[in-house]
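> The following block contains a protein sequence and its predicted model.
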Amino acid sequence: MYKKIFVPVMLLLIILQTSNLLFAKEETGEKAEVKTEATAEKEVKADKAAKSVKDIKDDVVATVNGEEIFRKELDRRLDVLRRMNQKVTRAVQLEVISQLTKKVLLKQFVEGRDIKVSGGEIQGELEKIKYFLKSNPNDSDKSLEEILKTQGSNIGELEDEIRRTLALSKYLDERVDDDEKSKYFEANINAFNGEKIKASHVLIDTAKLKTDAELEQAKKKIEEIKKEIDNGADFAETAKKYSTCPSAEKGGDIGFFQRKGALVEEFAEAAFSMKVGEISEPVKTQFGYHIIKVTDKEEGKDVSYEEVADMVDFVYMQIKTDALLKGLYEKAEIEITL
């Protein structure tokens, strides 16, 4: 059950977020040229520049248990962000390197175990991915090979990714039974019954802050804002005045959302633990410090574990994968050389 859902989704996220590298194409035709001294000097400079570019691409940006991650892998990911007009700061580069190290850790983990994956299983996942792509209007007229080519990848790399992901899913399947997942469902039913809440927030962004002093100042700022709200300041007006989120112009209103998948976990966990009208203490996420106010709630429907077993399976296995990664990360020898 796990691999029916988790594998295609995971692979699509990995593949479609990976950008293509733009390599200079060599000229196929030769031109007769009289090599003057100036021409020769230009060629020497061009050759040095080409070697310099190659050296940059071959730079090692990190090592994970002795395995190297090269700059070209980092650049492939960063190009995606650049095409989305996102600013690539050093903090962003380090976050992408962290993602790459986790990918290498999972690869090392599954390759260190004798988990058999057949060619038929790999082909089956390829067909699922093709189906997913055909259902996307933006990619319905393109073949999988064409999409991979634009992303700087190919079928061989994709098959390797599928093999490792299937091996991981088999490893986890052997260690998690339906009873364990059913208990998780009962304890977290609002993540699966369609329950929604509506909330507003005040955000003090910390994503671009670099020093401990800057982060401490942001923390003090959110605490001061919380005091203003506690002393009677209108929440919406306070959001308009202080929040760095685009929702500020709407008084911090971010609308309705479900427990899983819509917002970062720390925010969603805090919001769903609150009652309508309640205002949270400052909540820290990767984006910064939030003060959350729950403004409305839509009750979920009655559902049984059997009705949403696939979704429970997907969510719970993600949790197990994260826990596995955390353990691997703590034991790994990782060096960042960017």
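Perfect, I can see it now.
> so where is the protein shaky, pLDDT-wise?
Per-residue confidence for the chain (pLDDT under 70) gives these ranges: 1-57, 139, 150-152.
> Do you have the strands of it handy? List them.
Listed in chain order, the strands of the chain (DSSP state E) span residues 60-64, 67-70, 196-205, 253-258, 283-285, 288-298, 334-336.
> what's next to the first one, contact-wise?
The set of residues that contact strand 60-64 without belonging to it, under Cβ atoms under 8 Å, 6 or more residues apart in numbering, is 68-71, 73-74, 97, 100-101, 104-105, 108, 332-338. All C-beta spots, glycine's among them, are computed from the backbone N, C-alpha and C.
> cool, and the last one?
Strand 334-336 is contacted by residues V61, A62, T63, V64, N65, L94, I97, T101 when judged by Cβ under 8 Å, 6+ apart.
> again, 10 Å this time
60-66, 68-69, 93-94, 97-98, 101-102, 104-105 (Cβ atoms under 10 Å, 6 or more residues apart in numbering).
> List the buried residues in stretch 224-241.
Residues I225, K226, E228, I229, F235, A236, T238, A239, K240 are the ones in stretch 224-241 that count as buried (16 or more other Cβ atoms under 10 Å).
> Which of the strands of the chain sits closest to D177?
Proximity to D177 (Cβ to Cβ) singles out strand 253-258 among the strands of the chain, at 26.4 Å.
> How far away from the center of its chain is the closest one?
Mean C-alpha position of strand 253-258 versus that of the full chain (Cα atoms, centre = their mean, to the nearest Å) differs by 21 Å.
> Tell me the buried residues in that strand?
For strand 253-258, burial by neighbour count (16+ other Cβ under 10 Å) applies to D253, I254, F257, Q258.
> Given that strand, what are its sheet partners and their directions?
strand 196-205 (antiparallel) (DSSP bridges).
> Please point out which parts of the partner strand sit buried.
Taking 16+ other Cβ under 10 Å as the criterion, strand 196-205 shows K196, I197, K198, A199, S200, H201, V202, L203, I204 as buried.
> Save those as JSON lines, and put in distance to H290 too.
Shown next, in JSON lines, are the buried residues of strand 196-205 (distance: Cβ to Cβ, whole Å):
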{"residue": "K196", "distance to H290": "18"}
{"residue": "I197", "distance to H290": "14"}
{"residue": "K198", "distance to H290": "15"}
{"residue": "A199", "distance to H290": "10"}
{"residue": "S200", "distance to H290": "10"}
{"residue": "H201", "distance to H290": "5"}
{"residue": "V202", "distance to H290": "7"}
{"residue": "L203", "distance to H290": "5"}
{"residue": "I204", "distance to H290": "8"}
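> about what we covered before: only the buried subset of the contacts of strand 60-64, as a PyMOL command please.
Command for PyMOL that selects the buried part of those, burial taken from 16+ other Cβ under 10 Å:
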select buried, resi 69+71+73+74+97+100+101+104+105+108+332+334
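> Look up how far F235 lies from the closest residue to A191 other than its chain neighbours.
Nearest residue to A191 in three dimensions, chain neighbours excluded: R259, at 4.0 Å (Cβ to Cβ, 6 or more residues apart in numbering). For R259, the distance to F235 under the criterion Cβ to Cβ, to the nearest Å works out to 22 Å.
> who's in contact with A309?
Taking Cβ under 10 Å, 6+ apart, we find A309 in contact with M1, D178, K181, S182, F185, F192.
> swap in Y289?
201-206, 215, 218-223, 225-226, 282-283.
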